[in-house]
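Colleague: Could you work out the structure for the sequence below:
(one chain, ligands or ions: 1)
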Amino acid sequence: MLGRIREWRIDRMTDRVARRPHGRSARRTYAAEDVHSFAWEPVLEALALTAGDTLLDVGCGGGIFLRRALETGCTVVGVDHSQDMVRLARKTTEGRARVVLGSAERLPFGDGEFTAVCSIVAFFFFPDPVAALREFRRVLQPEPGRVAIYTTAPELKGTPAAPYPLATRGHFYEDEELAEFPQAAGFREGYVLRPGPGAQLLVARP
Ligand SMILES: C[S@@+](CC[C@H](N)C(=O)[O-])C[C@H]1O[C@@H](n2cnc3c(N)ncnc32)[C@H](O)[C@@H]1O
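Modeller: Numbering: from 1, shown residues only. As a prediction, the model looks like this:
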């Protein structure tokens, strides 16, 4: 019984803070100018966005990266399963991005709507990574479609970047395992880069 209560508390805390952020403190965290900004340049470099692109950010949180991506001139769309984050992202992007409530495993978009898909510090919460990647592929145009996913490497488990007990709710993958997901989801190409210590960037093309 005590064990079950403890697990429930960890789930509740993980949701509030990161897995489905909500509440005043989460809104403050995900509206910060530099939240997860360490991930932006590797993702932007991999995607090489231009004004002709339509980007989808899955698990967009407070929309700070969406705002940065708008600077490339591309069209920007965000999706998140937290109603609080959807509202916040609409506010931070001042109506310049479409932001929709929805889940990575069942994206509320038609086939081939996007030329680029990204996800920043959210992938490790997806319960079924291959199912999510299948959805990413479905909503992408075959050419010039591309995916860039920034996630936390196993060696950071238990550090301030992924502290316990929250880390027990995340999925951490070795590079080799991560690199196999795109093919399993039907992508033509997929590989893992290491843009910094403890950082993994999964790049894929349909
Ligand atoms: C740690 S936050 C990162 C937010 C944002 N990408 C950033 O870098 O600031 C993870 C985000 O992913 C969202 N998320 C987690 N799992 C999701 C899922 N299965 N479908 C949609 N959004 C999800 C959460 O609601 C949260 O906003």
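Colleague: contacting residues for residue 162?
Modeller: Residues near residue 162 by Cβ atoms under 8 Å, 6 or more residues apart in numbering: 124, 152, 156, 170, 172. Quick note: C-beta positions are derived from backbone N, CA and C, even for glycine.
Colleague: what helices or strands is the worst-scoring helix or strand of the chain on mean pLDDT leaning on?
Modeller: In the chain, no helix or strand scores lower on mean pLDDT, DSSP states H and E than helix 2-14, which sits at a mean of 93. In terms of contacts (3 or more Cβ pairs under 8 Å, 6 or more residues apart in numbering; DSSP states H and E), helix 2-14 is not packed against any helix or strand.
Colleague: Run through who's touching that helix.
Modeller: The contact list for helix 2-14, computed with Cβ under 8 Å, 6+ apart, reads 165-166, 168-169.
Colleague: How about that helix and the ligand, touching?
Modeller: No: contact of helix 2-14 with the ligand (Cβ under 6 Å from any ligand atom) is absent, the minimum separation being 10.0 Å.
Colleague: Quick check: buried residues in that helix?
Modeller: residue 14 (16 or more other Cβ atoms under 10 Å).
Colleague: For it, what is the distance to the chain centroid?
Modeller: 24 Å (Cα atoms, centre = their mean, to the nearest Å).
Colleague: Pretty sure residue 206 sits against residue 142.
Modeller: Yes: between residue 206 and residue 142 there is a contact under Cβ atoms under 8 Å: 5.2 Å.
Colleague: Quick check: residues of this protein near the ligand?
Modeller: 18-21, 30, 35-36, 59-61, 64-65, 80-82, 85, 103-105, 120-122, 125-126.
Colleague: same thing but 8 Å
Modeller: Within reach of the ligand by Cβ under 8 Å from any ligand atom, the chain has these residues: 18-21, 30, 35-36, 39, 57-62, 64-65, 79-82, 85, 102-105, 119-122, 125-127, 132.
Colleague: and the nearest residue to residue 182 once chain neighbours are set aside, how many neighbours?
Modeller: Distances taken as Cβ to Cβ, 6 or more residues apart in numbering place residue 190 nearest to residue 182, at 2.6 Å, with adjacent residues excluded. Close neighbours of residue 190, defined as other Cβ atoms under 10 Å, add up to 20.
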